[in-house]
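Enquirer: What follows is a predicted structure for the sequence shown.
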Amino acid sequence: MRAIVYHGNKDVRYDPQYPEPTINHPKEVKIKIDYCGICCSDLDEYRDGPIFFSPDHQAISRKPFPQAMGHEMCGEIVELGSAVNANLKVGQKVVVESTGTCLDREYLELPEKKCLSCVQGAYNHCDHIGFYGLGFSDGGFADFCVVGEHHVIPYSEEDLPVEIAALTEPLAVSWHGVRVSNVTKDDSALVLGAGSIGLTTIIALKGHGVRNIIVSEPKESRRALAEKFHVQVFDPTPFNHDEKSLTKELLKLSPLGWGFSRIFDCSGKKETFDISLSALKTTGIATNVAFWAHNKQTVFPMDLTLHEKNLTSSSCYVREDFEEVIQAYRDGLIDPEEVRQIVTKVVALKDGFEEGFLQLINHKGKHIKVLVSPLPKI
């Protein structure tokens with residue numbers, strides 16, 4: 001089959017003859033891929049990896065790279081293992097919850113014990129977490145992918161158009177972040193950054209009934225896109241390196257000028273981290289959704305203690321987040337047309353590296369989400 005394959009640092013190749021995966025366990029499902037999104041994590045693996053492709057993330061699957069990349073995937077079931085849940089049928093459209101964790105030891109019939117996080121049910125914090133297409137096993141930048149049945153979530157095309165179903169994965173990331181922040185519809189929210197996760201966080205907040213949303217984003221093109229989601233946007237660039245003045249301006253946009261009850265850092269920079277605390281109201285919750293490039297931040301505990309501000313974090317997702325996102329589409333809480341705005345380019349599988357990876361790396365301001373598809377119409 002065709003695939004975009006990770007071989008190592010700065011070595012990602014399109015392979016027209018990569019081995020097609022087969023079902024090797026009774027509870028596996030084979031999926032014909034429709035679309036798969038390129039994530040910043042994919043770009044990080046190309047530029048700075050192996051990160052998730054390191055041996056520790058293959059401890060469960062025991063499948064070293066080269067691997068087909070791609071973890072934001074949707075497709076159609078084409079084959080079922082002999083013991084797969086009866087609710088899954090050939091021909092169903094599905095999205096894939098992509099984590100590879102200790103939960104996979106059971107269907108792979110491995111004897112090792114689960115780690116503490118997985119025993120507690122928080123498998124998104126597994127000691128050995130990897131992802132299909134990102135270190136655990138072959139992923140969705142390919143014609144086909146084989147995954148364990150518990151990773152497969154069916155959806156209806158009446159609720160969720162196939163062209164954007166792959167974005168269920170980044171939406172699940174943001175949905176999880178909003179969920180762990182215990183947001184209510186009466187909260188005021190500040191989103192720092194309007195990249196793909198910032199935009200999906202806006203959608204997730206609206207899906208939870210929040211309407212008072214401010215988005216701070218320095219890039220004009222991204223602010224313009226965020227405005228299409230019917231939220232108020234703010235340009236922080238006039239206040240670069242002046243946290244006190246920036247905080248003062250943002251507070252003016254908060255209810256009664258007292259600060260925001262929920263702040264989501266979707267940028268992962270020192271400036272946004274600091275603002276997520278300084279613009280927070282008394283007893284508010286700041287949630288870090290961004291992934292950081294190994295750079296530590298300094299926190300003065302009294303900045304939190306004096307007003308009982310809460311700093312929390314969100315990592316990845318669990319199956320429940322995918323199910324709730326799909327239900328939100330069904331209930332009309334997520335507008336497919338808003339989600340469609342995030343997709344700025346769709347490329348054929350054979351062009352995925354040159355027209356996808358390299359475009360995102362070399363033209364950061366031009367694209368938000370690029371989808372790769374093996375479908376013949378692309």
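Expert: Structure's in. What do you need?

Enquirer: For the lowest-mean-pLDDT helix or strand in the chain, C-alpha coordinates in CSV please.
Expert: Of the helices and strands making up the chain, the lowest-confidence element is helix 104-107, at a mean of 89, by mean pLDDT, DSSP states H and E. Output of helix 104-107 as CSV, limited to C-alpha atoms (Å, rounded to 0.1, in the frame of the first residue of the first chain):
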residue,chain,number,x,y,z
ASP,A,104,-3.6,-2.5,24.6
ARG,A,105,-1.7,-5.2,26.5
GLU,A,106,-5.0,-7.1,26.9
TYR,A,107,-6.0,-7.4,23.3
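
Enquirer: Run the chain-centre distance for the following helix or strand past that helix.
Expert: Counting by DSSP states H and E, the next helix or strand C-terminal to helix 104-107 is helix 116-119. Chain-centre distance of helix 116-119: 22 Å, with C-alpha atoms, centre = their mean, to the nearest Å.

Enquirer: which residues touch the following helix or strand past helix 116-119?
Expert: For helix 116-119, the following helix or strand on the C-terminal side (DSSP H and E) is strand 130-132. Strand 130-132 has contacts (C-beta atoms under 8 Å, 6 or more residues apart in numbering) with 52, 57-58, 60-61, 71, 73, 96, 98-100, 136-140, 145, 147, 151. Using the backbone N, CA and C atoms, a C-beta is placed for each residue, glycine as well.

Enquirer: Now the element after strand 130-132, going C-ward?
Expert: strand 135-137.

Enquirer: Direction included, what does that next one pair against?
Expert: Strand 135-137 sits in its sheet next to strand 130-132 (parallel), going by DSSP bridges.

Enquirer: Could you pull up the mean pLDDT of the partner strand?
Expert: Mean pLDDT, strand 130-132: 95.

Enquirer: Ile326 is in contact with Thr168, isn't it?
Expert: Yes. Applying C-beta atoms under 8 Å, one finds Ile326 in contact with Thr168, separated by 6.8 Å.

Enquirer: could you pull out the helices for this structure?
Expert: With DSSP state H as the criterion, the chain has helices at 40-48, 104-107, 116-119, 168-180, 196-207, 220-227, 243-253, 270-278, 301-305, 319-330, 336-342, 358-362.

Enquirer: and Gly284, which of these is closest to it?
Expert: Evaluated with C-beta to C-beta, the helices of the chain place helix 270-278 nearest to Gly284, the distance being 9.3 Å.

Enquirer: The closest one - contacts with which helices or strands?
Expert: strand 188-192, helix 243-253, strand 260-265, strand 280-288, helix 301-305 (3 or more C-beta pairs under 8 Å, 6 or more residues apart in numbering; DSSP states H and E).

Enquirer: and Ser181, backbone torsions?
Expert: Phi and psi for Ser181, reported as degrees, to the nearest 10, are phi -80, psi 0.

Enquirer: Help me confirm that it comes into contact with Thr287.
Expert: Yes. Here Ser181 reaches Thr287: they are 4.5 Å apart, a contact under C-beta under 8 Å.

Enquirer: who touches both of these two?
Expert: Common neighbours of Ser181 and Thr287 (C-beta under 8 Å, 6+ apart) are 262, 264, 312, 314.

Enquirer: thought the third one was touching Gly284?
Expert: This points to Thr312. No. Contact status for Thr312 versus Gly284: not in contact, 10.9 Å apart, counting by C-beta under 8 Å.

Enquirer: Of those two, give the one with the bigger neighbour count.
Expert: Set side by side, Thr312 and Gly284 show more neighbours around Gly284, with 25 against 12, by other C-beta atoms under 10 Å.

Enquirer: How much space separates the closest residue to that one other than its chain neighbours from Ala189?
Expert: Distance criterion C-beta to C-beta, 6 or more residues apart in numbering; nearest residue to Gly284, sequence neighbours excluded, is Ser261 at 4.8 Å. With distances taken as C-beta to C-beta, to the nearest Å, Ser261 is found 7 Å from Ala189.

Enquirer: These two: who's more crowded?
Expert: Just comparing Ser261 and Ala189: by other C-beta under 10 Å the higher neighbour count belongs to Ala189, 26 against 23.
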